[in-house]
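1. The following comprises the amino acid sequence and a computationally predicted model.
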Amino acid sequence: MYSKKVLGTPPIQAAAAVKLLALDAYNRKRAGNALHNAVVNAEFTYQPDQTDAVNQVPDSFAPAVTHAEAITKMNALRPFLLAHFADATYAHYVADTANAAVITEPDATDVPTLSALLVQYRTAVNQHFANDAAHNRIILTPAIMTVPVDSATNIAVCNAILRNYEGHVHNAAVSLSLENI
């Protein structure tokens, strides 16, 4: 049986670890267990090689308790959603312009405008989740995102969108690379 010898030197061990992580990332993407190529959060955008990246992850995904909180959270989520849909460099293979175009409502100011905005967010997010051209593999649209939107369910829909979007943007397999210093 042939086995490759790995010498005990740190550079060789590091190179072997990098190869294993790259293989793991490749296999996770092929199996549909990693939809994105990167989690594009604030830390990611601060890296010198990614200064053109736009943050797609809000500071908090804490659930809303009142309609006022839901209005604030959904208005604050818009730039992150649109940045995520538009990313064809880091998270996705191609931009998802069709689902970005679904969100046309202005910021919510009261319960009826929140309901209208939630309908568009829910539609855009559900369709984006199933966009195989942008992602490494197709995933199923979460059933929780199909509840009707009205004043009685606004908070539940808001929290479902936040929860599902959080899981979606954090679903990535990243590998390392070595550089000479």
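-> Received the coordinates, thanks.
2. From the centroid of this structure, which residue is nearest?
-> Residue closest to the average C-alpha location in the chain (CA atoms, centre = their mean): Val169, at 1.7 Å.
3. Now do the contacts for that one.
-> His36, Val39, Val40, Asn41, Gln56, Val57, His84, Ala91 (CB atoms under 8 Å, 6 or more residues apart in numbering). Where you see a C-beta, it was placed from the backbone N, CA and C, and this is true even at glycine.
4. just those residues: which has the poorest pLDDT?
-> Ranked by pLDDT, those bottom out at His36 (74).
5. Roughly how far does that residue sit from Ala98?
-> 18 Å (CB to CB, to the nearest Å).
6. Comparing those two, which residue is more hemmed in?
-> Taking neighbours as other CB atoms under 10 Å, His36 and Ala98 compare with His36 leading, 24 against 13.
7. Is that one in contact with His92, as I believe?
-> Yes: taking contacts as CB atoms under 8 Å, His36 lies within contact range of His92: 6.9 Å.
8. any common contacting residues for those two?
-> Contacts common to His36 and His92, judged by CB under 8 Å, 6+ apart, are His135.
9. ok, residues contacting stretch 38-54?
-> 55-57, 83-84, 86-87, 89-91, 169-170, 172, 174.
10. can you rerun that using 6 Å?
-> Asn55, Gln56, Val57, Ala83, Tyr90, Ala91, His170, Ala172, Val174 (CB atoms under 6 Å, 6 or more residues apart in numbering).
11. Would you agree Gln13 falls within a strand?
-> No: assessed with DSSP: H, G, I helix; E, B strand; the rest coil, Gln13 is helix; it does not lie in a strand.
12. Going forward, count from 11.
-> Renumbered: residue one is now 11, and that last one reads Gln23.
13. ok, now which ones touch the residue nearest to Ala126 when sequence neighbours are not counted?
-> Nearest residue to Ala126, sequence neighbours excluded (CB to CB, 6 or more residues apart in numbering): Glu115, at 5.0 Å. Contact partners of Glu115, counting by CB under 6 Å, 6+ apart, are Ala126, Leu127, Gln130.
14. Just the buried ones from those?
-> Buried residues within the contacts of Glu115, counting neighbours by 16 or more other CB atoms under 10 Å: Leu127, Gln130.
15. Toward the C-terminus, what is the element adjacent to the least confident helix or strand in the chain by mean pLDDT?
-> Lowest mean confidence among the helices and strands of the chain (mean pLDDT, DSSP states H and E): helix 20-40, at a mean of 72. Going down the chain from helix 20-40, the next helix or strand is helix 52-55, by DSSP states H and E.
16. so how far is whichever helix or strand comes after that following helix from its chain's centroid?
-> Next in sequence after helix 52-55, counting helices and strands by DSSP H and E, comes helix 77-96. Distance of helix 77-96 from its chain centroid, counting by CA atoms, centre = their mean, to the nearest Å, is 13 Å.
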